[in-house]
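Novice: Just a sequence and a predicted model for now, questions to come.
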Amino acid sequence: MLETERFNPEEVSRRGLLFGLPYSLEESRLVIIGVPWEVTVTYKGGTSETPEQVLLASNQIDLFHPELGTPWKSGIAWDNSLFFLKKHSQNYSPIARQYLDVLERTGADPNKSPELLNVAKNLDVASNMMLSKVEETVKKHRDNGKIIGLVGGEHTISIGSVRALSSKMPISILHLDAHADMRPSYAGMQYTHASTIYHISRLDNIKSITSVGIRSLSPAEFEIISSQPNFYLFTAHRIWERVFKGVTWDQLAEEIISSIDTDDVYVTFDIDSLESSLCPSTGTPVPGGLTYAQAIYLIKKLVWKGRRIVGFDIVEGGNKFPFEIDLIVNLLFELSCWTLYSQNEKSS
Ligand SMILES: [Mn+2]
């Protein structure tokens, strides 16, 4: 056990501790789980390195939140028990890359080739293994009275945490992303970063999904979204059009939050929802995204409106440009502070 009594936030903080904080997992209200997984990444790789790099850079944070003060005093700790997944990810990732390369070069349909279909099935087995580990870990912390956040890793990991958290109560999803991620399957695989929100939308206790910043989707994805009740799509195109015509971000944020059906909200934050100049090494960057300030304001407004963040994830973060890690560290600190604050306000 570390000496929390003697911890001084004014001093040089320790590397290897999340935000340099001295709390053990037992002492913490919020647990951040690193999930270094990238198997179905289809374009630019690297996101499996991100959790470890975020942890190592996180002690650079100054510990006074300008609006909330010191909500971290409820305790925040890092759980690296899923770091072993990186080894599995490294084993499967070359197989997936080779497989996707064949599809891209030849245009082959995996459903018509038993050999290709077999590769896809094996990759699904690997993703399923990862998902049950994530689900198990999140459930364990929840049963111990913790709130959880994940740092990925590819977007697929969110299916595991949402499964765990929605198993006991109805929740809604606030989804920030450049992509809809609503493909029932992709390249013959069921569980991929491109089908994350589809699988989440199929879970029993998901009351609504609000997707914000979307600017890349397929015709079929748009059709599925349009046919689903309680699915609210705020495309980047529509957001910027209204901003340019004078609608304030405060009004838009209000509208976005009103679409969320329950007080309990899970936030899934794909880093590529942000303007791509902020995150050029994310897996599939798309220009025209949200500013960092807009994203933080949306989270803040969600909490001011009385919603409770029951869990969150930050996924698809790249690390080729050093600033991206700092971006994720800062985002993680903001989400952690607002999450703790939302929980404390609601329970008091
Ligand atoms: Mn995305």
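Specialist: Now that the structure is in, tell me what you want to look at. Numbering: from 1, shown residues only.
Novice: The residue lying closest to residue 323 once chain neighbours are set aside: neighbouring residues, count only.
Specialist: The shortest distance from residue 323 to any non-neighbouring residue, by CB to CB, 6 or more residues apart in numbering, is to residue 278 (7.9 Å). Every C-beta, even on glycine, is put in place using the N, C-alpha and C of the backbone. When neighbours are counted by other CB atoms under 10 Å, residue 278 registers 19.
Novice: what's the helix or strand that residue 33 is a member of packed up against?
Specialist: Assessed by DSSP states H and E, residue 33 sits inside strand 30-35. Here strand 30-35 touches helix 50-57, strand 76-79, helix 114-143, strand 147-152, helix 322-347, going by 3 or more CB pairs under 8 Å, 6 or more residues apart in numbering; DSSP states H and E.
Novice: chain center to the second one, what's the gap?
Specialist: Meaning strand 76-79. 16 Å (CA atoms, centre = their mean, to the nearest Å).
Novice: cool, and stretch 43-50?
Specialist: Offset of stretch 43-50 from its chain centre (CA atoms, centre = their mean): 14 Å.
Novice: Going forward, count from 28.
Specialist: All right, first residue 28 from here; so that's stretch 70-77.
Novice: helix, strand or coil for the nearest residue to residue 345 once chain neighbours are set aside?
Specialist: The shortest distance from residue 345 to any non-neighbouring residue, by CB to CB, 6+ apart, is to residue 308 (3.0 Å). Look at residue 308: counting by DSSP: H, G, I helix; E, B strand; the rest coil, its state is coil.
Novice: Was I right to think residue 308 contacts residue 350?
Specialist: No: using CB atoms under 8 Å as the test, residue 308 is too far from residue 350 to be in contact (9.7 Å).
Novice: Compare those two and say which one has the larger neighbour count.
Specialist: Using other CB under 10 Å as the criterion, residue 308 and residue 350 rank with residue 308 on top: 21 against 11.
Novice: quick one: contacts for the more buried one?
Specialist: Taking CB atoms under 8 Å, 6 or more residues apart in numbering, we find residue 308 in contact with 71, 73, 345-348, 351.
Novice: Now which of those would you call buried?
Specialist: Listed as buried from these are 73, 345-346, 351; burial here means 16 or more other CB atoms under 10 Å.
Novice: could those residues be laid out in TSV, adding pLDDT?
Specialist: As requested, the buried ones among the contacts of residue 308 are exported to TSV (pLDDT from 0 to 100):
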residue	pLDDT
73	84
345	91
346	89
351	94
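Novice: Inside helices: which ones of these?
Specialist: Residues of the buried ones among the contacts of residue 308 located in helices (DSSP state H): residue 351.
Novice: Out of the buried ones among the contacts of residue 308, which comes closest to the ion?
Specialist: Comparing these against the ion with CB to the ion places residue 345 closest, at 11.7 Å.
Novice: Double-check the closest one against residue 310; I have them as touching.
Specialist: Yes: counting by CB under 8 Å, residue 345 sits close enough to residue 310 to count as a contact (7.0 Å).
Novice: Quick check: residues of this structure near the ion?
Specialist: 204-206, 297, 299 (CB under 5 Å from the ion).
Novice: what separates residue 39 from residue 51, distance-wise?
Specialist: 21 Å (CB to CB, to the nearest Å).
Novice: Those two: who's more crowded?
Specialist: Counting neighbours by other CB under 10 Å for residue 39 and for residue 51 shows that residue 51 has the greater number, 11 against 8.
Novice: mind checking pLDDT for that one?
Specialist: pLDDT recorded at residue 51 is 96.
Novice: ok, it touching residue 106?
Specialist: No: contact criterion CB under 8 Å: residue 51 and residue 106 do not qualify, at 10.7 Å.
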